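Engineer: I'd like to go over a predicted model; first the sequence, then the structure.
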Amino acid sequence: MRLQCEVEVVSRLLPTCGLRGRGRGTRALLSLGRPPGRERGGGGGVYLMVCTARDRVGARYKVQENIERFFTRFVEEGKATVRLREPAVDVCLSKANASNLKNFLSAVRLAHQGTDIGALPLSTLVPAKTSEVEKPKTKMIITSRRDYPLTKNFPYSLEHLQASYCKLARIDMRVLCLKKLRKLDLSHNHIKQLPATIGDLICLQELNLHDNHLESFSGALCNSTLQKSLQFLDLSQNKIKALPIQFCQLRELVNLKLDDNELIRLPFKIGQLDHLRFLSAARNKLPFLPSDFRKLCLENLDLFGNPFEQPNPLVPNIQLKIPLTLLECAARATLNYRIPYGCHLLPSHLCEDLEVAKTCQCGSACLSSFIQITVTMNLHHVAHTVVLVDNMGGEGR
């Protein structure tokens, strides 16, 4: 039986010499077993072997009737200590998988008690491989196609992966298996479409897709686990014309970059992004801003280089339907009275209609019957720093 974790072997004689241990472990492979050639037969006993990068051959400690005490108070956190009688050392374990640690300690305890060897999950005590005692790789940066791994998998332990200037036309499916990934940088590639399975990266906090060939951002991603994890999103220098209505479900976003796209509008419920503090959408094709924009509370806003229209409240866009349709009346009542709804109660297309409903300046909801005008909005009311000249046009309903 084997266990990968961090280990520190501390001699209990150190304090008598006025010394103390380092206080931190090193990556190691623990094995419970018998020396080679003694697996069959009665001799040899059971040993606990600790292999590290500096000592891959390993140090062996007899187990049977040689353990003074187990310290397992923090076993659920992947920590435990095995105190040996001879030599007088404490084997301190940390950063282990809690389930694997419990199983390993259980086997060590049985070996200590003299349980029949045939009933124990023992391993052959052989030197550890380099890959078994190396510290798990958490960061990988690739900046050329030549260095991109084609024949081997990415380390499962990666938390930060950058693969830029690799001419990738799509996202590698191997990347989508990296469940510990927190930061993914795929900038400067040729990616045209994002797979919905990116939403399965439950720890992903930063996603950089700068300078690709994206034409859209999937609504499925906005409804995925990214809702709870994604804080930084860079979609700048792509070919995106509009963001999906569901985009505003990404409510943990703090920094959003949309520069150098072909955006003709921003999501009209953008005010739902409560945590957003940095927004840049420079050099797009925005003629106005949604009225919900005034609900934002930003530190920095960059809208430079957009062809904003001059407000003209005397030329309204009238979309009134009188009398109101039954659908319009029912939708307004559902939203205004905050009646719960969902696909288990209503057909999916009606739920989608409710999701895209507009909100009037008075706070009431409307669906397809409204009067729309363009008014002036002072952007300094929503952002501390604005990269734009004074007031620009805002859309009001």
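Structural biologist: Received it, and whenever you're ready, just let me know what you need. Being a predicted model, the structure only gives us computed values, none of them experimental.

Engineer: please make it C-alpha for all contacts and neighbour counts, starting now.
Structural biologist: Will do.

Engineer: local confidence estimate at residue 141?
Structural biologist: Turning to residue 141, the model gives it a pLDDT of 96.

Engineer: count the neighbours of it for me.
Structural biologist: Using other CA atoms under 10 Å, the number of residues around residue 141 comes to 13.

Engineer: do the one 5 residues further on as well
Structural biologist: In terms of burial, residue 146 registers 10 neighbours under the definition other CA under 10 Å.

Engineer: dump the residue contacts of the closest residue to it other than its chain neighbours.
Structural biologist: Distances taken as CA to CA, 6 or more residues apart in numbering put residue 166 closest to residue 146, at 7.8 Å, once the chain neighbours are dropped. Shown in contact with residue 166 (CA atoms under 8 Å, 6 or more residues apart in numbering): 142-146, 148, 188-189.

Engineer: that's a strand at residue 166, yeah?
Structural biologist: No: membership of residue 166 in a strand is not supported by DSSP: H, G, I helix; E, B strand; the rest coil, which gives coil.

Engineer: and the gap between it and residue 143?
Structural biologist: Going from residue 166 to residue 143 by CA to CA, to the nearest Å gives 7 Å.

Engineer: could you check how far residue 241 is from residue 192?
Structural biologist: 13 Å.

Engineer: what do these two both touch?
Structural biologist: residue 215.

Engineer: could you list which residues are in contact with residue 70?
Structural biologist: Residue 70 touches 80-83, counting by CA under 8 Å, 6+ apart.

Engineer: and for residue 239?
Structural biologist: Counting by CA under 8 Å, 6+ apart, residue 239 has contacts 213-216, 261-262.

Engineer: tell me the centre residue of the chain?
Structural biologist: residue 204 (1.5 Å; CA atoms, centre = their mean).

Engineer: quick check, that one in contact with residue 176.
Structural biologist: No: Residue 204 is beyond contact range of residue 176, at 10.7 Å (criterion: CA atoms under 8 Å).

Engineer: list the buried residues in stretch 67-82.
Structural biologist: By 16 or more other CA atoms under 10 Å, the buried positions in stretch 67-82 come out as 67, 70, 72, 75, 78-82.

Engineer: circling back to that earlier point, ok, so of the contacts of residue 166, who is nearest residue 375?
Structural biologist: residue 188 (38.2 Å; CA to CA).

Engineer: where does pLDDT dip in this structure?
Structural biologist: Along the chain, segments meeting pLDDT under 70 span 16-23, 37-44, 313-315, 389-397.

Engineer: contacts for stretch 221-238?
Structural biologist: Under CA under 8 Å, 6+ apart, the answer for stretch 221-238 is 196-215, 246-262.

Engineer: of these, which belong to strands?
Structural biologist: Among these, the members found in strands (DSSP state E) are 206-208, 255-257.

Engineer: can you lay out those as CSV showing neighbour count and distance to residue 379?
Structural biologist: CSV is the format used below for the ones in strands among the contacts of stretch 221-238 (neighbours: other CA atoms under 10 Å; distance: CA to CA, whole Å):
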residue, neighbour count, distance to residue 379
206, 21, 27
207, 19, 27
208, 19, 27
255, 19, 18
256, 18, 17
257, 20, 18
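
Engineer: now, which of the residues you listed sits nearest residue 128?
Structural biologist: residue 206 (35.7 Å).

Engineer: who's the closest one bridged to?
Structural biologist: Taking DSSP bridges, one finds residue 183, residue 232 as the beta-bridge partners of residue 206.

Engineer: I'd say it and residue 186 touch.
Structural biologist: No: Residue 206 is not in contact with residue 186 according to CA under 8 Å; the separation is 10.8 Å.

Engineer: mind exporting stretch 122-132 as CSV, just the C-alpha atoms?
Structural biologist: Output of stretch 122-132 as CSV, limited to C-alpha atoms (Å, rounded to 0.1, in the frame of the first residue of the first chain):
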residue,chain,number,x,y,z
LEU,A,122,1.3,-4.7,1.3
SER,A,123,3.6,-3.4,-1.4
THR,A,124,7.1,-4.4,-2.4
LEU,A,125,9.5,-1.9,-0.9
VAL,A,126,11.4,-0.6,-4.0
PRO,A,127,12.9,2.8,-4.6
ALA,A,128,10.4,5.5,-5.7
LYS,A,129,10.3,6.8,-9.2
THR,A,130,11.2,10.5,-9.7
SER,A,131,7.6,11.3,-10.8
GLU,A,132,6.2,9.8,-7.5
